[in-house]
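S.K.: Structure of the sequence below:
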Amino acid sequence: MFVRVKTINQDGRSYEYLQIVRSVRDGGRVRQELVASLGRRDLLIATGKLDQLVQALARFSARLKVIEAAKDERFVAREAKTWGPALVFGRLWQQQGLPEILDRHAEGRRFGFDPERVAFALALQRLCAPGSDLQGAAWAHTVEAPGFADLALHHFYRTVPWLAAIRHALEQDLFFQHRDLFSAELDLVFADTTSVYCYREGESALIRHGYSRDRRPDLPQLVLCVAVDGQGWPVAFDVLPGNTADVAALGLTIARFRERFRIRRAVVVADRGMFGRNTLAQLRDHASAPFDYILGCPLRRERTVAKEVLARPGRYQQIAANLEVKEVKLGKRRYVVCRNLIEAKQDAADREAVLAKLRQTLAHDGPKAVVGNRGYARYLKIAKGSVRLDEAAITREARLDGKFVLSTSTALPAAEVAQAYKSLWRVERAFREVKSTLDVRPIFHQRDDSVIGHIVGCFLALRLEVDLQRRLDAKSLAAPWPDLMRDLARLQAVIVDLDGTRYRLRTDCQGHAAKAFQAAGVAIPTAVTALGPIPDLDAPPKDPAAVAHAV
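M.R.: Numbers count the residues shown, from 1 in each chain. The predicted model follows:
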C-alpha cells in the first residue's frame with residue numbers, strides 16, 4: 001500500500017486529496033484500488049491531523065519507533081562496532097569450508113573455547129588492523145561478529161601454536177576439497193620468496209640471521225616461500241631458516257610441495273631475480289623428477305641474452321593486442337623473446353626524455369654535473385678529459401625497448417610460455433599483500449611454533465583477500481583495495497536499548513562497500529533489527545545441566 005495524491009476540480013478550483021491505495025492485479029493488468037480516503041491535503045496539514053495520523057501509525061513500526069525515540073530519554077545507545085568486514089569475509093570464510101575443517105581438526109581437544117572463531121579473528125585482524133596478538137585480542141571486541149565478544153588474549157596464545165601443528169593438514173584439506181579426479185594434480189606453480197624478521201632474543205633452528213631485504217641485519221629472520229597456482233589461488237607456504245638463499249629456498253620448497261600434493265608435472269615460474277646457474281641446476285637435476293621452468297632473464301647482466309638471443313633475427317608472432325613473441329634456440333637452451341609494443345613506445349619516450357635532459361645538462365653545467373649520476377651513466381662514455389654520449393650504448397638500449405626474454409625447459413608453445421610468465425604478477429601481488437595488507441612482519445613471538453601459527457593466520461587472510469578480489473574481477477566491479485576496506489569498516493552496528501528491547505542499527509553503506517557485498521553474495525542487513533529483551537547482567541548464570549534437561 002502507498003499514499004496517492006488525487007486532484008479534484010470543484011467550483012473552478014483544484015483540491016488535492018490524500019488517499020491510501022493498493023495495487024491489485026485484474027487479469028493481465030495492474031490497477032490501483034482505493035483503501036481509504038484521508039481528506040483534503042491542505043485541511044489535514046492546517047489542523048495537524050496528518051501529523052497525528054503519522055505518529056499514530058509509527059507506533060506500530062519498530063524501525064520508526066527507534067528513530068523517533070532517539071530524541072527521547074528512554075533511548076540508550078550502548079556501543080558501536082565495526083560490522084562490514086566481518087559480514088563479507090565471514091561469508092567467504094564459510095564458503096571456503098574453513099569452519100568445518102577447523103572444527104574437525106579441533107575435535108577431541110579440550111580447548112574450552114572455539115578455536116575456529118579465534119582463527120577467523122586472526123585472519124580478519126590481518127586484513128583490517130594488522131598487529132600483535134595482544135592488539136588483536138582487544139581489537140576483536142570492537143568487531144560485530146559471532147563469538148568475538150567471548151575471545152580473550154589467552155585464547156589467541158593457545159590457538160596460534162595449534163594452527164602451526166595442523167598447517168600441513170589444513171593446506172591439504174583446502175587444496176583437495178574443491179578438486180575432483182580430473183583436476184587433482186597441480187601442474188603450474190608460481191613461486192616467490194621473502195624474508196620476515198622477528199623481534200626476539202637469540203636464534204633458533206628456524207629464526208636465524210641472514211640477508212635481510214628489510215635492511216635489518218641486526219634482527220634474526222626466517223625465509224617465507226608462497227606457492228600460487230595458475231589461476232592465482234594461494235596453494236601453500238613454506239618456512240625455511242633465515243640464512244637460506246633464495247635459490248635454495250625455491251628448490252627445497254618445490255620438493256616439499258611435491259611430497260605433500262599430487263604434483264604430476266611442475267612448471268616453476270620465477271622472476272629475473274631467481275635466474276642463475278644454481279637455479280637452473282636445481283630445477284633441471286632434481287633427484288626425484290626434473291622440474292620444468294620458465295624463468296625471466298636479466299637483459300643487461302646475462303651476456304648470452306644481450307649479445308646472442310636478442311641479436312637473432314626472426315619474425316614475431318602476435319599473441320595479444322600488445323604482446324608479440326618469437327622463439328630462439330641456442331644449443332639445448334630455448335628462449336622466448338617477448339615484445340610489448342605499448343611499453344616499447346613508452347620506453348623509447350622515457351629514454352629520449354632522459355637524453356634531452358642529459359644533453360641540456362652537459363651544455364649548460366658541464367661534464368662534472370653528470371658524472372656520478374646513475375641515471376645518466378649507461379648513456380655516457382667517459383675518457384680522460386672528456387665526457388660524451390655513448391651512441392653505441394644508446395643503440396643497445398633501444399634494442400631492449402618493450403622486451404623481456406624467458407628461458408624455458410618446457411615444450412609449451414612460445415605463446416603459452418609468455419602468458420604463463422605474464423601471470424607471475426599474481427604471486428607478486430600476493431607477496432605485496434603479504435608484506436603490506438597482511439603485514440606479516442614484524443613478529444613478536446618467541447617460540448618457533450607460534451611464529452609459524454602467526455603466518456598461518458596471515459595465509460588464511462591472504463586466501464580471503466584473493467577470493468574477494470577474484471569475485472570483484474569476475475563481476476567487473478572496480479574498487480581500489482584500501483578504499484574498499486575503508487568503506488567496509490565504516491559500516492557499523494550500533495546496539496541500542498528502548499523500552500526493554502535491544503535493537504541493532506546499521507549505519508549507511510557508503511563508497512565501495514556495496515561492491516564487496518555484491519561480489520561476496522551477502523545481503524546488506526536491514527537498518528534496524530530487534531535482538532530481543534535486554535539481557536539482565538545481574539541475573540545468575542543458568543545451570544548448563546538444567547538447560548540440557550529442559551531441552
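S.K.: so what's the residue found closest to residue 516 once you drop the neighbours it is linked to in the chain up against?
M.R.: Spatial nearest neighbour of residue 516, excluding adjacent residues (Cβ to Cβ, 6 or more residues apart in numbering): residue 88 at 4.8 Å. Yep, even glycine has a C-beta here, placed from its N, CA and C like the rest. Residues near residue 88 by Cβ atoms under 8 Å, 6 or more residues apart in numbering: 468, 488, 516, 517, 520, 522.
S.K.: where does residue 416 land on pLDDT?
M.R.: Reported pLDDT at residue 416 in the predicted model: 84.
S.K.: Assumed it was part of a helix.
M.R.: Yes - when classified by DSSP: H, G, I helix; E, B strand; the rest coil, residue 416 is found to be part of a helix.
S.K.: Relative to residue 294, how far out is it?
M.R.: Going from residue 416 to residue 294 by Cβ to Cβ, to the nearest Å gives 9 Å.
S.K.: Which neighbours do the two have in common?
M.R.: Overlap of the contact sets of residue 416 and residue 294 (by Cβ under 8 Å, 6+ apart) is empty.
S.K.: Now do the SS call for the closest residue to residue 105 other than its chain neighbours.
M.R.: Nearest residue to residue 105, sequence neighbours excluded (Cβ to Cβ, 6+ apart): residue 166, at 4.7 Å. Following three-state DSSP, residue 166 is assigned to helix.
S.K.: Give the burial count for residue 166, as a bare number.
M.R.: Neighbour count of residue 166, defined by other Cβ atoms under 10 Å: 18.
S.K.: pLDDT score for it?
M.R.: 95.
S.K.: Would you confirm that it contacts residue 104?
M.R.: No - the criterion here is Cβ atoms under 8 Å, and residue 166 misses it with residue 104 at 9.8 Å.
S.K.: For residue 171, which non-adjacent residue is spatially closest?
M.R.: residue 236 (4.5 Å).
S.K.: One more: residue 8?
M.R.: Nearest residue to residue 8, sequence neighbours excluded (Cβ to Cβ, 6+ apart): residue 15, at 5.4 Å.
S.K.: Look up how far residue 5 lies from that neighbour.
M.R.: For residue 15 relative to residue 5 (Cβ to Cβ), the value is 11 Å.
S.K.: Need the residues touching each of the two.
M.R.: Shared contacts of residue 15 and residue 5, defined by Cβ under 8 Å, 6+ apart, are found at residue 41.
S.K.: hang on, the earlier thing: so which strand or helix has the residue nearest to residue 8?
M.R.: Using DSSP states H and E, residue 15 sits in strand 13-26.
S.K.: Need the CA coordinates for that strand. PDB is fine.
M.R.: In PDB, the C-alpha atoms belonging to strand 13-26 read as follows (Å, rounded to 0.1, in the frame of the first residue of the first chain):
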ATOM      1  CA  ARG A  13     -10.800  25.300  -8.100                       C
ATOM      2  CA  SER A  14      -8.400  22.400  -7.700                       C
ATOM      3  CA  TYR A  15      -8.200  20.400  -4.500                       C
ATOM      4  CA  GLU A  16      -5.700  17.700  -3.500                       C
ATOM      5  CA  TYR A  17      -7.000  14.700  -1.500                       C
ATOM      6  CA  LEU A  18      -4.800  12.100   0.200                       C
ATOM      7  CA  GLN A  19      -5.800   8.500  -0.400                       C
ATOM      8  CA  ILE A  20      -4.400   5.200   0.700                       C
ATOM      9  CA  VAL A  21      -4.400   2.800  -2.200                       C
ATOM     10  CA  ARG A  22      -3.000  -0.600  -3.100                       C
ATOM     11  CA  SER A  23      -2.000  -2.300  -6.300                       C
ATOM     12  CA  VAL A  24      -4.100  -5.300  -7.400                       C
ATOM     13  CA  ARG A  25      -3.900  -7.500 -10.500                       C
ATOM     14  CA  ASP A  26      -7.100  -7.600 -12.600                       C
END
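S.K.: you'd agree residue 298 is up against residue 305?
M.R.: Yes - using Cβ under 8 Å, residue 298 is in contact with residue 305, at 7.3 Å.
S.K.: what about those two, which has more around it?
M.R.: More neighbours surround residue 305 than the other of residue 298 and residue 305, with 22 against 15 (other Cβ under 10 Å).
S.K.: Check whether the more buried one sits in a helix, strand or coil.
M.R.: Strictly by three-state DSSP, residue 305 counts as helix.
S.K.: repeat for residue 329
M.R.: Residue 329 - assigned by three-state DSSP - is strand.
S.K.: Next, work out how far apart it and residue 314 are.
M.R.: 10 Å.
S.K.: Likewise for residue 407?
M.R.: In this view, residue 407 and residue 314 are 16 Å apart by Cβ to Cβ.
S.K.: ditto for residue 153
M.R.: Distance from residue 153 to residue 314, counting by Cβ to Cβ: 64 Å.
S.K.: Comparing the two, which residue is more hemmed in?
M.R.: The residue with more neighbours, out of residue 153 and residue 314, is residue 153; 14 against 9, by other Cβ under 10 Å.
S.K.: The more buried one against residue 135, yeah?
M.R.: No - using Cβ under 8 Å as the test, residue 153 is too far from residue 135 to be in contact (10.0 Å).
S.K.: picking up where we left off before, give me the more crowded residue out of residue 416 and residue 294.
M.R.: Per other Cβ under 10 Å, whichever of residue 416 and residue 294 has more neighbours is residue 294, with 23 against 17.
S.K.: List the strands paired with the helix or strand containing that one, with their directions.
M.R.: For residue 294, the element it lies in under DSSP H and E is strand 292-297. Strand 292-297 pairs in its sheet with strand 267-270 (parallel), strand 403-408 (antiparallel), by DSSP bridges.
S.K.: Report the distance from that strand to the chain centre.
M.R.: On the basis of Cα atoms, centre = their mean, to the nearest Å, strand 292-297 sits 27 Å off its chain's mean C-alpha point.
S.K.: residues contacting residue 485?
M.R.: Contacts here follow Cβ under 8 Å, 6+ apart; on that basis residue 485 touches 85, 127, 128.
S.K.: and the last one, what does it touch?
M.R.: Pointing back at residue 128 there. Residue 128 makes contact with 82, 85, 139, 143, 485, 489, according to Cβ under 8 Å, 6+ apart.
S.K.: residues in contact with stretch 21-30?
M.R.: Residues from elsewhere that reach stretch 21-30, judged by Cβ under 8 Å, 6+ apart: 1, 2, 3, 4, 31, 32, 33, 34, 35.
S.K.: Now do the helices in the stretch 101-250 of the chain.
M.R.: Along the stretch 101-250 of the chain, the stretches classed as helices by DSSP state H, counting those that start in this stretch are 115-128, 133-140, 153-176, 246-260.
S.K.: between the shortest one and helix 153-176, what angle do the directions make?
M.R.: Spelled out, that is helix 133-140. 90 degrees (axes from the mean of the first three to the mean of the last three Cα atoms, to 10 degrees).
S.K.: pLDDT below threshold where in the stretch 351-500 of the chain?
M.R.: 372, 385, 423-442 (pLDDT under 70).
S.K.: so where do the helices sit in it?
M.R.: With DSSP H, counting those that start in this stretch as the criterion, the stretch 351-500 of the chain has helices at 374-377, 391-398, 414-422, 425-432, 448-474, 481-490.
S.K.: Can you redo those helices as JSON lines, where the extra columns are distance to residue 23?
M.R.: Output for the helices of the stretch 351-500 of the chain, formatted as JSON lines (distance: least, Cβ to Cβ, whole Å):
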{"stretch": "helix 374-377", "distance to residue 23": "71"}
{"stretch": "helix 391-398", "distance to residue 23": "72"}
{"stretch": "helix 414-422", "distance to residue 23": "55"}
{"stretch": "helix 425-432", "distance to residue 23": "50"}
{"stretch": "helix 448-474", "distance to residue 23": "36"}
{"stretch": "helix 481-490", "distance to residue 23": "36"}
